[in-house]
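Chemist: What follows is a predicted protein model with its sequence.
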Amino acid sequence: MERLDGGSAAPAHLRGGVVALGNFDGFHRGHQAVVGRAIDRARADGRPALVATFDPHPVRFFQPDAPPFRLTTLDQRQRLFGEAGADAMIVFHFDAALAGLSAEAFVAERLVDLFGVAGVVTGEDFTFGRKRSGNAAVLAELATRHGFFAEAVAPVSLDGEPVSSSRIRDALQAGDCAEVARLLTRPFAIEGIVQHGDKLGRTIGYPTANIDLDRYLRPKYGVYAVRGRLPDGRMVDGAANLGVRPSFDPPKELLEPYFFDFSGDLYGQTIEVELHAWLRGEEKFDSLDALTAQIDADCLEARRVLAA
């Protein structure tokens, strides 16, 4: 699956496509409906199917000091879009120039001139253009003027409420992994490069693959049952601490998965860790023996949960 720069002209074989347009952070059920509709329209017309996203997230541009809230990286989104059937991902770099474009200029200069779109599919609540001056109705009007179709997809609801990124963030901060997976259609996953730590885990028989949380939303701190996707594609079960490690000084915020029945060097490699169940909150232990005994119990519980 190709990744295209939203500020450059599309290659010839990807012009004239149908574009799903949105941020799609998290790629939850509602996003999947929009992208799925765009792919269906593209396939029916024999055209390329593209998914356009924004990076950084517009909120990060306008509020650079906002707490971390991201649900997916660009790499994760590209993989998810490809698995859904898209041919390419367009990344619109959200900077001052893009933020200053009117809705009409965005359509004419980016969608029409650079990509020659045949159609655009969005969610009904999608907004775009300077000061959010564009919406689904404005896009439909501009589409008619520029000779492509525009379609808006209704929100997807579960339990009488729309599926949204905000709803997912609330569930993550409550440690409700089952609800998160229901809204996403898969477990929430954190991807990152394995970094060197203090290597204390290996001295007590539990070596961990430490990952910086970077700009991801912070789920509820604690111990989780997890599954890891290794660089070679293998999936391995494990248990992980996510938080600041209150038993150690100084505190350091990390995701620290220990993978069962795995032996190998992952330093410097990118892995993805799925959060399957929150087991308990973080605790401070007075001794390594007490910490080790608790990790023993955590791993047994994680194995039980993952086996189920």
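Modeler: Perfect, thanks for sending it.
Chemist: In contact with the closest residue to His276 other than its chain neighbours, which residues?
Modeler: Distances taken as C-beta to C-beta, 6 or more residues apart in numbering place Ala225 nearest to His276, at 4.8 Å, with adjacent residues excluded. For the C-beta atoms, the positions are set from N, CA and C on the backbone; glycine is no exception. Going by C-beta atoms under 8 Å, 6 or more residues apart in numbering, Ala225 touches Asp237, Gly238, Ala239, His276, Ala277, Leu279, Glu301, Ala302, Val305, Leu306.
Chemist: And for the fifth one, the neighbour number?
Modeler: Residue neighbour count, defined by other C-beta atoms under 10 Å, stands at 21 for Ala277.
Chemist: Checking the nearest residue to it once chain neighbours are set aside next. Helix, strand or coil?
Modeler: Once flanking residues are discounted, Ala277 sits nearest to Ala225: 4.4 Å by C-beta to C-beta, 6+ apart. Secondary structure, DSSP: H, G, I helix; E, B strand; the rest coil: Ala225 is strand.
Chemist: And for Leu142?
Modeler: Look at Leu142: counting by three-state DSSP, its state is helix.
Chemist: Show residues contacting the helix or strand encompassing Ile190.
Modeler: Using DSSP states H and E, Ile190 sits in strand 188-193. Outside of strand 188-193, the residues within contact range by C-beta under 8 Å, 6+ apart are 71, 73, 75-76, 168, 172, 177, 180-181, 211-214, 216, 219, 229, 255, 268-275.
Chemist: Off-centre distance for stretch 288-308?
Modeler: Put simply, stretch 288-308 sits 28 Å off its chain's centre (C-alpha atoms, centre = their mean, to the nearest Å).
Chemist: List the buried residues of stretch 232-247.
Modeler: Neighbour-count burial for stretch 232-247, counted by 16 or more other C-beta atoms under 10 Å, picks out Val236, Asp237, Gly238, Ala239, Ala240, Asn241, Leu242, Gly243, Arg245, Ser247.
Chemist: Quick one: mean pLDDT over that stretch.
Modeler: Model confidence over stretch 232-247, given as mean pLDDT, is 91.
Chemist: just to revisit the earlier point, the residue nearest to His276 and Arg303, how far apart?
Modeler: In this view, Ala225 and Arg303 are 8 Å apart by C-beta to C-beta, to the nearest Å.
Chemist: any shared contact partners between these two?
Modeler: Asp237.
Chemist: Tell me which stretches of the stretch 201-308 of the chain form strands.
Modeler: In the stretch 201-308 of the chain, the strands defined using DSSP state E, counting those that start in this stretch lie at 222-229, 235-243, 254-259, 270-280.
Chemist: Quick check, Val305 in contact with Trp278.
Modeler: No. Judged on C-beta atoms under 8 Å, Val305 makes no contact with Trp278 at a distance of 9.9 Å.
Chemist: Compare neighbour counts for those two and give me the winner.
Modeler: Trp278 (21 against 17).
Chemist: quick one: contacts for the more buried one?
Modeler: Contacts of Trp278 by C-beta under 8 Å, 6+ apart are Gly175, Asp176, Cys177, Pro219, Lys220, Gly222, Val223, Tyr224.
Chemist: Domain parsing of the chain, as residue ranges.
Modeler: Listed by automatic domain parsing, the domain ranges of the chain are 2-158, 187-307.
Chemist: Of all the ones you listed, which one is nearest Ser164?
Modeler: Ser164 lies closest, by C-beta to C-beta, to one member of the domains of the chain: domain 2-158, at 6.9 Å.
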